[in-house]
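Engineer: Sequence plus predicted model, see below.
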Amino acid sequence: MNTDVFYLALSQLILSIVLSIVIFFISYKILIRIFRLKEADINDSNLAFSILFSGIIFSTGYLLSGIIPSIIGAIEMLQAHAKENLFVEILKYSSLSLFVGFLLAGIIHFSGFMLTKSLTKHVNEVGELRKNNLAVAILLATILISITIIARDSLVFLIELFLPQPTVIEYTS
């Protein structure tokens, strides 16, 4: 076994786990702030917020999981052509890709929420979530997850534009 490849894979795994935990922590804190909740409000007496938050966190994870193979490809390419500290380059491209993915996930979630608000003008979604209306929570989470599934490939394509790509020389005869 090549020890360089092993350490690269191990560092990539650790980096992915750490960045994922940080992104999910930030997502949770942002959601608490957006809905003006106290962390004590997220308990077994209000499943609606838990369902919606779970849908948003799943959606974010699903989007970001599509980015990981692109980052791995960029890391492998960097490893083949690295002249300087590989760890710094890996950290730079991984962080940039996941940050842009996180921002786009937020835009997708906001758009999905606004779409739902426009479709259900007679319903105060946040008020219904506070009342523990599970139907509203399931509807919102399903719409967000569905939009995420549809938009994932386009997001991955966009993120790949930020990652280093090998140059291909075309010879014509």
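Structural biologist: Everything's here; your move. Here the structure is a predicted model, which means the values were calculated and not measured.
Engineer: what about the chain, any weak spots by pLDDT?
Structural biologist: Counting by pLDDT under 70, the chain has low-confidence residues at 1, 4-5, 8, 37-44, 79-87, 162-173.
Engineer: Would you map the helices across this structure?
Structural biologist: Taking DSSP state H as the criterion, the chain carries its helices at 3-34, 47-81, 86-119, 125-130, 134-160.
Engineer: what about Ile21, how many neighbours?
Structural biologist: Close neighbours of Ile21, defined as other Cβ atoms under 10 Å, add up to 10. Bear in mind the C-beta positions are built from the backbone N, C-alpha and C, glycine included.
Engineer: Return the distance of it relative to Ser94.
Structural biologist: Using Cβ to Cβ, to the nearest Å, Ile21 is found at 14 Å from Ser94.
Engineer: What of Leu139?
Structural biologist: Using Cβ to Cβ, we find Leu139 at a distance of 34 Å from Ser94.
Engineer: for Ser16, what are its contacts?
Structural biologist: Ile68, Ser94 (Cβ atoms under 8 Å, 6 or more residues apart in numbering).
Engineer: same deal with Ile68?
Structural biologist: Contacts of Ile68 by Cβ under 8 Å, 6+ apart are Ser16.
Engineer: Kindly report the same for Gln12.
Structural biologist: Counting by Cβ under 8 Å, 6+ apart, Gln12 touches Ile71, Ile72, Ile75, Ile90, Ser94.
Engineer: Looking at these, state which has the most neighbours.
Structural biologist: Ranked by the number of neighbours (other Cβ under 10 Å), the contacts of Gln12 place Ile71 first, at 25 neighbours.
Engineer: Ser95 is in contact with that one, correct?
Structural biologist: No: at 9.8 Å, Ile71 and Ser95 do not qualify as touching, with contact defined as Cβ atoms under 8 Å.
Engineer: what's around the nearest residue to Ser45 once chain neighbours are set aside, how many residues?
Structural biologist: Among residues not flanking Ser45 along the chain, Asn132 sits closest, at 7.3 Å (Cβ to Cβ, 6 or more residues apart in numbering). Asn132: 15 surrounding residues under other Cβ under 10 Å.
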